[in-house]
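>>> only geometry, no sequence info:
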């Protein structure tokens, strides 16, 4: 419960600091901004507010009301009820930064388990305690790489098939005035593979960034690209969809130096775009360049197993102005959600989810490709997302689908002018065969217009 | 607190041993004691690098803090202690010997006169206490 100061408390404090009235503390704020008139409606009772809020939220169509084929970085998966039940335990829900191991063993063990699961999933040596989202994690990969070369390499090669928001974030975050960020210019051929990046990689390249599956859903073999990068000493960062790793070869197995990812598909609801979860794993040799924190297992003075913050060397409070990142925290509750999710599913369960996504997506792609007015944009292997070319603007197609209770795919024309009329469709285990058949039928009507 | 008399010191607790044109750089006994157990050493320069006075040449991390080691004078790196990152605890056990960090060919010998002699360094430490 929030207990405000009493009048006596306030007076005692004012007297202590030598001020007569509270208003004197706000003298630096120009007078006209001090106590603005707020144009608010009359006060309502709790009962009235709840009713109004229900009316407002009732106007939304959610993924629970519609068949959802929208993905592009955030996916509608089933979240087992146990995830939320465990998250909302007070010990986890209200806990803050675990700097005091003697009172934070539950949170610390949760993070330790999270790190263990992320390293298994990605086949990397170490994982940090998480970042805010997939975009931040990619930006932090750049910070690691630049710090690794102590600023002596300043070129970042980024695939045009990395999520457009991630590319924007890494440019904002890392500053294009210091770094040369190249590879994703509008002129690049989107339909050619990752090897088109190889000529851009040179002795000044700190990091090469790719996505797996890429933004357009395609699954490329990055072995050759990674070899080319390593040949000139550059690092390679792979941004993943963690569900896809239930089925695909993990990036550690083909030589990735850093693996980042959006952890939302692992038991975190869509919730209008956040809070999400940034996965970040790397090789042991880069652990001291990794931002954030890392929890380790040790024993206490009685010899009992205990967890502590082992490495926080990159954090601002230790490195101060020399810190290579300003990330001093982790996405604790969301990391715990993903930990519970992965633990509930297990290795085989995760594979089953991935297989369901894969097979349903391939069924949908096959049916849509058979429609005369539609075609698949790419023949590359894909996981649960694919691009279709539509006979009309995607916004119109999506309006039509809405009439059938279907949330259509992502309009790729908004990021890439050359992909106008192209839609990115995501399919997960939540889409029934009936949903997919309805989608195909509704799409076929657009082609008949 | 050891303060060898054959060295010159910075106000920032680095030492330099001068032999002809060559200077060897490390951190003092006082510095290692302040940092406590050193768990990580990274030499952040390479042989051939030209460094100015005040450039960072190494990063140290202890169980409670992180610190950079700065060049007492300008010079060109002729050797780095490659064995040190493997045995960071040497910084605690032998700060003036085995735990040297870089050797440079001194390019601005006049900068040596700006450094503290052992007496002045000891005086500075006493003032800190």
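Cool, the structure landed. Worth saying up front: this structure is predicted, and the values here are computed from it rather than measured. Numbering: from 1, shown residues only, chains lettered A, B, ... in the order given.

>>> How about the secondary structure of residue A:3?
Three-state call for residue A:3 (DSSP: H, G, I helix; E, B strand; the rest coil): coil.

>>> Count the residues that sit near it.
For residue A:3, the tally of surrounding residues (other CB atoms under 10 Å in any protein chain shown) stands at 6. Using the backbone N, CA and C atoms, a C-beta is placed for each residue, glycine as well.

>>> so who does it touch?
Counting by CB atoms under 8 Å, 6 or more residues apart in numbering or on different chains, residue A:3 touches no other residue.

>>> ok, now residue A:155?
A:179, A:180, A:181, A:182, A:202, A:204, A:205, A:206.

>>> Isn't the fourth one up against residue A:158?
Yes: applying CB atoms under 8 Å as the test, residue A:182 and residue A:158 come out as touching, 7.4 Å apart.

>>> Those two: which has the busier surroundings?
More crowded of residue A:182 and residue A:158, by other CB under 10 Å: residue A:158, with 24 against 14.

>>> Give the full set of residues in contact with that one.
Contacts of residue A:158 (CB under 8 Å, 6+ apart): A:167, A:170, A:181, A:182, A:183, A:184, A:208, A:209.

>>> Surely the third one forms part of a strand?
Right, residue A:181. Yes: according to three-state DSSP, residue A:181 belongs to a strand.

>>> Spatially nearest residue to it (excluding sequence neighbours)?
Nearest residue to residue A:181 in three dimensions, chain neighbours excluded: residue A:156, at 4.8 Å (CB to CB, 6 or more residues apart in numbering or on different chains).

>>> ok, then the element right after the helix or strand harbouring the one you found?
For residue A:156, the enclosing helix or strand under DSSP states H and E is strand A:155-158. Sequence order places helix A:164-174 as the next helix or strand after strand A:155-158, per DSSP H and E.

>>> Any idea how far stretch A:220-238 is from the middle of the chain?
When distances are taken as CA atoms, centre = their mean, to the nearest Å, stretch A:220-238 is centred 23 Å away from the chain's centroid.

>>> Mind checking if that stretch is in reach of chain B?
No: Stretch A:220-238 stays clear of chain B (CB under 8 Å from any CB of the partner chain), getting no nearer than 13.1 Å.

>>> Can you get me the start-to-end distance on that stretch?
Start to finish, the residues bounding stretch A:220-238 are 11 Å apart (CA to CA, to the nearest Å).

>>> next one: stretch A:270-289
31 Å.

>>> hang on, isn't residue A:242 packed against residue A:259?
No: counting by CB under 8 Å, residue A:242 sits too far from residue A:259 to count as a contact (9.6 Å).

>>> Show me whatever sits in contact with both of these two.
Joint contacts of residue A:242 and residue A:259 (CB under 8 Å, 6+ apart) are residue A:279.

>>> can you list contacts of the strand or helix carrying residue B:127?
Taking DSSP H and E as the criterion, the element that holds residue B:127 is helix B:118-128. Defining contact as CB under 8 Å, 6+ apart, one finds that helix B:118-128 is touched by B:1, B:3, B:4, B:5, B:7, B:9, B:11, B:28, B:30, B:116.

>>> Show me which of those residues is closest to residue A:102.
Closest approach to residue A:102 among the contacts of helix B:118-128 (CB to CB): residue B:30, at 32.2 Å.

>>> nearest spatial neighbour of residue A:98, skipping sequence neighbours?
residue A:104 is the one closest to residue A:98 (CB to CB, 6+ apart), at 3.5 Å.

>>> Let me know how buried the one you found is, in neighbour terms.
When neighbours are counted by other CB under 10 Å, residue A:104 comes out with 21.

>>> Residue A:90 versus the closest residue in space to residue A:404 that isn't next to it in sequence, what's the distance?
Closest residue to residue A:404 apart from its sequence neighbours, by CB to CB, 6+ apart: residue A:442 at 4.5 Å. The gap separating residue A:442 from residue A:90 is 46 Å, by CB to CB, to the nearest Å.

>>> and those two? which has more neighbours close in?
For residue A:442 and residue A:90, the more surrounded residue by other CB under 10 Å is residue A:442, and the numbers stand at 19 against 7.

>>> pretty sure that one belongs to a strand, no?
No: secondary structure of residue A:442 (three-state DSSP): helix, not part of a strand.

>>> right, and it touches residue A:406 too?
Yes: between residue A:442 and residue A:406 there is a contact under CB under 8 Å: 6.0 Å.

>>> For the residue nearest to residue A:181, list the residues it contacts.
A:142, A:145, A:170, A:174, A:179-182, A:205-209.

>>> can you put these in a markdown table and add pLDDT and distance to residue A:252?
As requested, the contacts of residue A:156 are exported to a markdown table (pLDDT from 0 to 100; distance: CB to CB, whole Å):
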| residue | pLDDT | distance to residue A:252 |
| --- | --- | --- |
| A:142 | 95 | 20 |
| A:145 | 95 | 17 |
| A:170 | 92 | 22 |
| A:174 | 82 | 24 |
| A:179 | 89 | 26 |
| A:180 | 90 | 28 |
| A:181 | 91 | 25 |
| A:182 | 89 | 26 |
| A:205 | 97 | 21 |
| A:206 | 97 | 20 |
| A:207 | 97 | 17 |
| A:208 | 98 | 16 |
| A:209 | 98 | 16 |
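
>>> returning to what we had before: closest one to residue B:96 out of the contacts of residue A:158, please.
Of the contacts of residue A:158, the one sitting nearest to residue B:96 (CB to CB) turns out to be residue A:208, at 43.6 Å.

>>> Dig out what the closest one forms beta bridges with.
With DSSP bridges as the criterion, residue A:208 is bridged to residue A:157, residue A:236.

>>> ok, it - contacts?
Counting by CB under 8 Å, 6+ apart, residue A:208 makes contact with A:156-159, A:183, A:197, A:201, A:225-226, A:229, A:234-237.

>>> thinking again about what came up before, buried members of the contacts of residue A:156 into PyMOL, please.
Per 16 or more other CB atoms under 10 Å in any protein chain shown, the buried members of the contacts of residue A:156 correspond to this PyMOL selection:
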select buried, chain A and resi 142+145+170+174+179+181+205+206+207+208+209
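
>>> out of the contacts of residue A:156, who's nearest residue A:364?
residue A:209 (29.0 Å).

>>> Now residue 31, what are its backbone angles?
Unless you meant another one, I'm taking chain A. Backbone geometry at residue A:31, expressed as degrees, to the nearest 10, gives phi -50, psi -40.

>>> ok, now residue A:386?
Dihedral angles for residue A:386 - degrees, to the nearest 10 - are phi -150, psi 160.

>>> wait, what's in contact with it?
Contacts of residue A:386 by CB under 8 Å, 6+ apart are A:216, A:217, A:361, A:364, A:365, A:376, A:377, A:378, A:424, A:425.

>>> rewinding a little: just put the contacts of residue A:208 in a markdown table and tack on pLDDT.
Converted to a markdown table, the contacts of residue A:208 look like this (pLDDT from 0 to 100):
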| residue | pLDDT |
| --- | --- |
| A:156 | 96 |
| A:157 | 96 |
| A:158 | 96 |
| A:159 | 95 |
| A:183 | 88 |
| A:197 | 94 |
| A:201 | 96 |
| A:225 | 97 |
| A:226 | 98 |
| A:229 | 98 |
| A:234 | 98 |
| A:235 | 98 |
| A:236 | 98 |
| A:237 | 98 |
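
>>> which SS class is the closest residue to chain B within the stretch 151-300 of chain A?
Minimum separation of the stretch 151-300 of chain A from chain B (CB to the nearest CB) falls at residue A:288, amounting to 6.2 Å. At residue A:288, secondary structure determined by three-state DSSP is helix.

>>> What is the neighbour count of it?
The number of residues packed near residue A:288 is 20, by other CB under 10 Å.

>>> same thing with the one 10 residues further on?
The burial count assigned to residue A:298 is 11, neighbours taken as other CB under 10 Å.

>>> wait, it sits on residue A:304?
No: using CB under 8 Å as the test, residue A:298 is too far from residue A:304 to be in contact (9.9 Å).

>>> hey, what's residue B:27 bridged with?
residue B:14.

>>> now the helices: where do they sit in chain B?
Using DSSP state H, the helices of chain B run over B:29-35, B:90-93, B:118-128.
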